[in-house]
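>>> here's a sequence, model it:
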Amino acid sequence: MKKLLLLTYLFLSISAQSQEVSPYYPAKHVVDNPATFTSQITYFDMNYITNNISEFLTYRMNMVVTKSDDSKLLYDGGSYSITYTDRLAQSGYKTLVFNYSIGKVDDIYTIKSLKITGAEDRLIPFFVNFWQTTKNFTAPAGNSDVSLLTGQDVAKFYFNKGKPYITVTNNTFKSIEEFTEYFHKLKG
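You can find the predicted model right below:
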């Protein structure tokens, strides 16, 4: 009986992490090592990516969800924001706000793009560690905008005269309709 319960728990844990929508369908996971968290963000189902980011922020940056957008997404999508705050802070609580632009693919909320705002001393570590880059933010060009390609995504860090933010957009698909057509071809 204990083995059955354990197997059921493992199956539910694994299936809860699976993706329904992916530009790499039928592959369920882009991440080879789940401990690294890195994944393309755009044109994946929202639940998988937001859980992935929440786990990263909780376990790697010691931040927790403090506010989720209470509005309901429209039938065809819309925008959705989640705010994370330092779990423990000695010099004030710093936040990161994730603003997702959402569309629907086969009745599944799918991320079209992402904008992240917040404290520079949280944005830089998130950018460097989540995408596992060695970009140097303190080099002579340390206030120049930084971008990197990850899968089909382009992640860009903007210093924006002291009000930094990160954007993540897709480099392959220009619209949810274009992606949906491609996804349906993959599903055959």
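>>> which element follows the lowest-mean-pLDDT helix or strand in the chain toward the C-terminus?
The helix or strand with the lowest mean pLDDT-type score in the chain, counting by mean pLDDT, DSSP states H and E, is helix 2-16 (a mean of 39). Note on helix 2-16: by DSSP states H and E, the next helix or strand toward the C-terminus is helix 46-60.
>>> CA-only coordinates of that following helix in PDB, if you can.
Only the C-alpha atoms of helix 46-60 are listed here, as PDB (Å, rounded to 0.1, in the frame of the first residue of the first chain):
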ATOM      1  CA  MET A  46       1.800  29.600 -18.400                       C
ATOM      2  CA  ASN A  47       1.500  27.100 -15.500                       C
ATOM      3  CA  TYR A  48       4.800  25.300 -16.300                       C
ATOM      4  CA  ILE A  49       6.800  28.500 -16.700                       C
ATOM      5  CA  THR A  50       5.400  30.400 -13.700                       C
ATOM      6  CA  ASN A  51       6.000  27.400 -11.500                       C
ATOM      7  CA  ASN A  52       9.600  27.100 -12.900                       C
ATOM      8  CA  ILE A  53      10.300  30.800 -12.200                       C
ATOM      9  CA  SER A  54       8.700  30.600  -8.700                       C
ATOM     10  CA  GLU A  55      10.800  27.700  -7.800                       C
ATOM     11  CA  PHE A  56      13.900  29.400  -9.000                       C
ATOM     12  CA  LEU A  57      13.200  32.600  -7.000                       C
ATOM     13  CA  THR A  58      12.300  30.600  -3.900                       C
ATOM     14  CA  TYR A  59      15.300  28.300  -3.900                       C
ATOM     15  CA  ARG A  60      18.000  30.400  -5.500                       C
END
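>>> which neighbouring elements make contact with the helix or strand just after that helix?
With elements assigned by DSSP H and E, the helix or strand that comes after helix 46-60 is strand 63-68. If contacts are counted by 3 or more C-beta pairs under 8 Å, 6 or more residues apart in numbering; DSSP states H and E, strand 63-68 sits against helix 46-60, strand 78-86. (C-beta placed from N, C-alpha, C; glycine too.)
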